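1. Everything below, folded, please.
(2 chains)
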Protein chains: 2
Amino acid sequence: MQHRSEETRSHILDAAYRLFSQEGYDATGVAELCAAAGVSKGAFYHHFPSKQAVFLALMEIWLERLDLAFASARQSASSVEQAVVNMAGMAGSVMNSTDVHPIILLEFWMQAFREPTVWQAAIAPYRRYQHYFARLVEDGIAEGSLRQVEPGLAGRVLVSLALGLLMQAVFDAQTIDLAKEASQSLEILMDGLGRRAA
Amino acid sequence: MQHRSEETRSHILDAAYRLFSQEGYDATGVAELCAAAGVSKGAFYHHFPSKQAVFLALMEIWLERLDLAFASARQSASSVEQAVVNMAGMAGSVMNSTDVHPIILLEFWMQAFREPTVWQAAIAPYRRYQHYFARLVEDGIAEGSLRQVEPGLAGRVLVSLALGLLMQAVFDAQTIDLAKEASQSLEILMDGLGRRAA
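-> This next block holds a predicted model:
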């Protein structure tokens, strides 16, 4: 039974991913999710208390893959500068490979903005990445590869550029190779953070 | 009558701006707009064919102010590097002074993404700024203040960072001074584009 229950959960997540991408988060109802997943409403609510909970579960899966990619990029790079460029490329690839359309993420943030109860869940990863990159910049300053910048500001700039690249992926979905664009963009930014060969 | 007609138009724009910010673009109907502006539906449709048209008019006003600010920043700066940092500060100030909540802009883009007919109107300023900043980078390379980077890529990076700062303003509305944050962020980026004192 455990196996079947996990299958049900996974069917719901697959259907949600497909419908949120195609129809939008707003336009997709629980009834539609159930029909697309081939499950009863009872089975749905056994696994998820709400549509929001399904979205959060999808986001968690996606962020776990991103965190793994980041950790591996950090470990294999010889400097923070190189690590960040590799992370950007990997994040772009994760995005491409999962076929997660960035519009889902943006749409959910809009939702969260208007619903204080989910705001915390939506904002938490954003804060986490700001701190993660601030610490990474501290490491870079300590290892001597980055200039003496304010790590908090630099962390926010890194996250802002990543969010902007996400928006670019929405606007230029057809023309942009996100992995390549992200690495090249971050290379330019990291040149600004890098220590001058003065 | 011309004067009164312009007043009506301006009442509608004011009401739309207020309702889109408070209730969201999606959640605001034409009936609500009319009630808040104190105009009849007939008067509304005399001025605007649709809710979308009202939003586009609001965006046009905002973009005109932004373009004026950019032109003045460009003229008064001694280098492209300085011009971009000033532009960022001015864009942040325009945002603060108009009280345009970035969420309206993002929400409209989400809408546009799902409605091909308005996509062109929504995407046009985005493309225009990409080209504008690509040309600005070309100027910077020509004047010798910027490195030999690919201007198209650099223009996209500048627009991406600006969009990311807009997202940051959504997430950190209470804590961020957008004008200051934007200038400081662009300073870091422009350091990456600047010619090395090697």
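2. contacting residues for residue A:90?
-> By C-beta atoms under 8 Å, 6 or more residues apart in numbering or on different chains, residue A:90 lies in contact with A:69, A:70, A:72, A:73, A:179. (Glycine included, C-beta is placed from N, CA and C.)
3. does chain B sit close to stretch A:165-184?
-> Yes - Stretch A:165-184 lies within reach of chain B by C-beta under 8 Å from any C-beta of the partner chain, at A:165, A:167, A:168, A:170, A:171, A:181, A:184.
4. Can you tell me which of those residues is closest to chain B?
-> Checking these against chain B by C-beta to the nearest C-beta gives residue A:167 as the nearest, at 4.3 Å.
5. how about the strand or helix carrying residue A:46: buried residues?
-> For residue A:46, the element it lies in under DSSP states H and E is helix A:41-47. Residues A:43, A:44, A:47 are the ones in helix A:41-47 that count as buried (16 or more other C-beta atoms under 10 Å in any protein chain shown).
6. Please name the nearest non-neighbouring residue to the residue nearest the centre of chain A.
-> For chain A, the residue nearest the mean C-alpha position is residue A:63 (5.4 Å; C-alpha atoms, centre = their mean). In space, and not counting its chain neighbours, residue A:63 is closest to residue A:125: 5.6 Å by C-beta to C-beta, 6 or more residues apart in numbering or on different chains.
7. Which of the helices or strands spans that neighbour?
-> According to DSSP H and E, residue A:125 maps onto helix A:116-143.
8. Show me what counts as buried in that helix.
-> In helix A:116-143, counting by 16+ other C-beta under 10 Å, buried: A:118, A:121-123, A:125-126, A:129-130, A:132-134, A:136-138, A:140-141.
9. before we move on, back to that, tell me the most packed of the contacts of residue A:90, by neighbour count.
-> Within the contacts of residue A:90, most neighbours by other C-beta atoms under 10 Å in any protein chain shown means residue A:70, with 21 neighbours.
10. Residue A:87 is in contact with that one, correct?
-> Yes - under the criterion of C-beta atoms under 8 Å, residue A:70 makes contact with residue A:87 at 5.2 Å.
11. Show me the shaky parts of chain A.
-> Scanning chain A for pLDDT under 70 picks out the ranges A:1-2, A:97-101, A:117, A:174, A:194-198.
12. Let me see the ranges of the helices in it.
-> Counting by DSSP state H, one finds helices in chain A at the ranges A:2-23, A:30-37, A:41-47, A:51-76, A:80-98, A:102-114, A:116-143, A:151-171, A:178-193.
13. now the fourth one against helix A:80-98, angle please.
-> Yep, that's helix A:51-76 we're talking about. Interaxial angle, helix A:51-76 versus helix A:80-98 (axes from the mean of the first three to the mean of the last three C-alpha atoms, to 10 degrees): 140 degrees.
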